[in-house]
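Provided below are the primary sequence and the corresponding predicted coordinates.
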Amino acid sequence: MRWIAIHSFNNEKPIFQQIRERVENAILDGQLQPEDRIPSTNEFAKEYQINPATAGKGVNELVDKGVIYKKRGVGMFVHPDARSILIAERKGNFLHQHIGPLKKEARRLGITVEELQKMLEGGL
Amino acid sequence: MKIEVRDVVKSYKHKTVLKNITFTMEGPKIIGFLGHNGAGKTTFLNLLAGLIATTDGTILVNGDNVFNTPSTLRDICFIAESGNFQEEMTIAQALKANSFFYPKWDEQLAQRLLQVFALNPKEKVRSLSKGMVSALGIITGFASNAAITIFDEPYIGLDVAARSMFYDLLIDQQIDNPRLYILSTHLIDEASELFEEIFILQEGQLLLQKTTDEWHKHIVAVKGNATDVAAAIVDLEIIDQHMFMQEMTAIVHTGGHPIEGYNVTLESVSLQDMLVYLSKQKARSGK
């Protein structure tokens, strides 16, 4: 038995969404591979000390997207196409979620397009 | 399990504690029953447990009036803030007494939980610390196996580790043996993710009833400059609004309609913050 909830979440997003994103990031980073088993709804609920129904919502969204699939009586697994599905989805959001804020901050600081380009090419 | 509360009023000599409450609770589910001190929570839970009679209105459990149908009480285990056990009994005797009352009593679970909470069955209730009495209440609630299990401030005197054990137990139990749990607590931030549905009482009235799902869709903090926020929240019910360093934050009830196409940031609102906003709103409208 664990004594405290170690994996605290921030408050800005509903917890089911944060669970979904954690699984997605693990798949994109290669931590979870195709056909890997992912924890059940109940395991998520226990790990994060949240209502099983809430955990189920995050998991179901992944099933709906085709990122994970259920094998009856066995568990839930990473779909072979999961990575490509997620990459397509995140690329679609990239402009809005990352380039938008980047431009905003650059404008704030008076960084020119040329300077920005140099930074991008230079890498980290 | 279905609890139907219809037009319930509870008055004492000089004071009306519950003013015409109507709602339905259906389980299995973990329900958060919240409100400030004096909102009427404990009074309501006493009515629900059939311990006192309503002044007006009825409470039905699966269609039977709780106050007139003693048999329904075997399906309801109410662990109150205090006074659940007779002082001169030992822990073992207190558990035994409860095991006679609840037909689905789980003795194995009771024994296991005694060890989990490190209670000595031979000790008398009188000699227990507050936290140990709370632990005994928690054990009784879970072991009762009652279809409706109510915990009113179940962890007075329990430290964070013991409270975490309580949350773990609640989730385990809900997975293995789903029931209708009603949990009333002050420690809202700690417990809020356990709830599937939330009831908020305020000044003897039901202020809000929402599933956690509805909560995230309906109650939103909208942030941005004043003009953009004003445009985004036009026609919506505003619960709270404040300006800080040129940034407007509006807490709104969206009615389920998404806020899209505005230059604003949306954030979810914690249960604890919401209680504060709601009571401010109530205080303003009362003036």
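Structure received.

all contacts plus neighbour counts: C-alpha atoms, from now on.
Noted.

burial count for the closest residue to chain A within the stretch 101-250 of chain B?
When distances are taken as Cα to the nearest Cα, the stretch 101-250 of chain B reaches nearest to chain A at B:Leu194, 4.4 Å away. For B:Leu194, the neighbour count with other Cα atoms under 10 Å in any protein chain shown is 26.

Verify the stated contact: it with A:Ile50.
Yes - B:Leu194 is within contact range of A:Ile50, at 4.7 Å (criterion: Cα atoms under 8 Å).

that older thread, okay, the residue of the stretch 101-250 of chain B closest to chain A and B:Phe166: tell me how far apart.
Noted for B:Leu194: a distance of 11 Å to B:Phe166, by Cα to Cα, to the nearest Å.

do the same with B:Leu60
Taking Cα to Cα, one finds B:Leu60 at 29 Å from B:Phe166.

Repeat that for B:Leu109.
According to Cα to Cα, B:Leu109 stands 14 Å off from B:Phe166.

Between these two, point out the one with more neighbours.
Legend: neighbour count by other Cα under 10 Å for B:Leu109 and B:Phe166, higher for B:Phe166 (21 against 15).

With adjacent residues omitted, what lies nearest to that one?
Spatial nearest neighbour of B:Phe166, chain neighbours left out: B:Ile138 (7.6 Å); criterion: Cα to Cα, 6 or more residues apart in numbering or on different chains.

what about B:Gly83, neighbour count?
Here the number of neighbours of B:Gly83 (other Cα under 10 Å) works out to 10.

Geometric centre of chain B: which residue is closest?
With distances taken as Cα atoms, centre = their mean, the residue of chain B nearest its centroid is B:Phe33 (2.2 Å).

for that residue, helix, strand, or coil?
strand (DSSP: H, G, I helix; E, B strand; the rest coil).

List the contacts of the nearest residue to B:Ser134 once chain neighbours are set aside.
Excluding its sequence neighbours, the residue lying closest to B:Ser134 (Cα to Cα, 6+ apart) is B:Tyr155, at 5.5 Å. Contact analysis of B:Tyr155 by Cα atoms under 8 Å, 6 or more residues apart in numbering or on different chains lists B:Gly131, B:Ser134, B:Ala135, B:Arg163.

Residues of the stretch 101-250 of chain B that sit close to chain A?
Counting by Cα under 8 Å from any Cα of the partner chain, the stretch 101-250 of chain B comes close to chain A at B:160-162, B:164-165, B:167-168, B:171-172, B:175, B:193-196, B:212, B:216.

Which of the residues you listed fall within strands?
Among these, none falls in strands (DSSP state E).

Distance-wise, check B:Asp189 relative to B:Asp273.
9 Å.

Does B:Phe151 lie in a helix or a strand, and which?
strand B:148-152 (DSSP states H and E).

just checking, what packs against that strand?
helix B:41-48, strand B:76-79, helix B:130-144, strand B:180-184 (3 or more Cα pairs under 8 Å, 6 or more residues apart in numbering or on different chains; DSSP states H and E).

quick one: buried residues of the helix or strand following the first one?
Right, helix B:41-48. Following helix B:41-48 in sequence order, the next helix or strand is strand B:56-61 (DSSP H and E). Of the residues in strand B:56-61, B:Thr58, B:Ile59, B:Leu60, B:Val61 count as buried by neighbour count, 16 or more other Cα atoms under 10 Å in any protein chain shown.

With respect to chain A, which of the residues you listed is nearest?
B:Val61 (23.7 Å).

which residues does the closest one contact?
So B:Val61 contacts B:Met1, B:Lys2, B:Ile3, B:Glu4, B:Thr72 (Cα under 8 Å, 6+ apart).

Just the pLDDT for the second one.
The score at B:Lys2 is 95. That number is its pLDDT.

Pull the number of nearby residues for it.
Count around B:Lys2 with other Cα under 10 Å applied: 15.

Next: the fourth one.
Close neighbours of B:Glu4, defined as other Cα under 10 Å, add up to 20.

which residues touch the host helix or strand of it?
B:Glu4 belongs to strand B:2-12 when assigned by DSSP H and E. The contact list for strand B:2-12, computed with Cα under 8 Å, 6+ apart, reads B:16-27, B:54-63.

and if you look at stretch A:20-27?
Contact with stretch A:20-27 is made by A:Leu32, A:Gln33, A:Gly58, A:Val59, A:Glu61, A:Leu62, A:Val78, A:Ala82, A:Arg83, A:Leu86, as judged by Cα under 8 Å, 6+ apart.

what bits of chain A have low per-residue confidence?
A:1-12, A:123-124 (pLDDT under 70).

Tell me the spacing between A:Ala26 and B:Thr43.
From A:Ala26 to B:Thr43 the distance is 48 Å (Cα to Cα).

How about B:Gly32?
Counting by Cα to Cα - B:Gly32 and B:Thr43 are separated by 16 Å.

which one of these two has more residues nearby?
Counted by other Cα under 10 Å, B:Gly32 and B:Thr43 do not tie: B:Gly32 has more neighbours, with 25 against 18.

Identify the bridge partners of that one.
B:Leu183, B:Ile198 (DSSP bridges).

my read: it touches B:Ile198, true?
Yes - because the distance of 4.7 Å satisfies Cα under 8 Å, B:Gly32 is recorded as touching B:Ile198.

tell me what the helix or strand hosting B:Asn98 is packed against?
Using DSSP H and E, B:Asn98 maps to helix B:91-101. When contacts are defined as 3+ Cα pairs under 8 Å, 6+ apart, helix B:91-101 sits against helix B:130-144.

by how many degrees do the helix it packs on and helix B:91-101 diverge?
30 degrees (axes from the mean of the first three to the mean of the last three Cα atoms, to 10 degrees).

May I have helix B:130-144 exported as CSV, CA atoms only?
Extracted as CSV, the C-alpha positions of helix B:130-144 are listed here (Å, rounded to 0.1, in the frame of the first residue of the first chain):
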residue,chain,number,x,y,z
LYS,B,130,-9.4,10.7,18.1
GLY,B,131,-7.5,9.2,15.2
MET,B,132,-8.0,5.7,16.4
VAL,B,133,-11.8,6.3,16.8
SER,B,134,-11.8,7.6,13.3
ALA,B,135,-10.0,4.5,12.1
LEU,B,136,-12.6,2.3,13.8
GLY,B,137,-15.3,4.2,12.1
ILE,B,138,-13.6,3.7,8.7
ILE,B,139,-13.3,0.0,9.4
THR,B,140,-16.9,-0.3,10.4
GLY,B,141,-18.1,1.6,7.3
PHE,B,142,-16.2,-0.6,4.9
ALA,B,143,-16.9,-3.9,6.7
SER,B,144,-20.6,-3.1,6.9
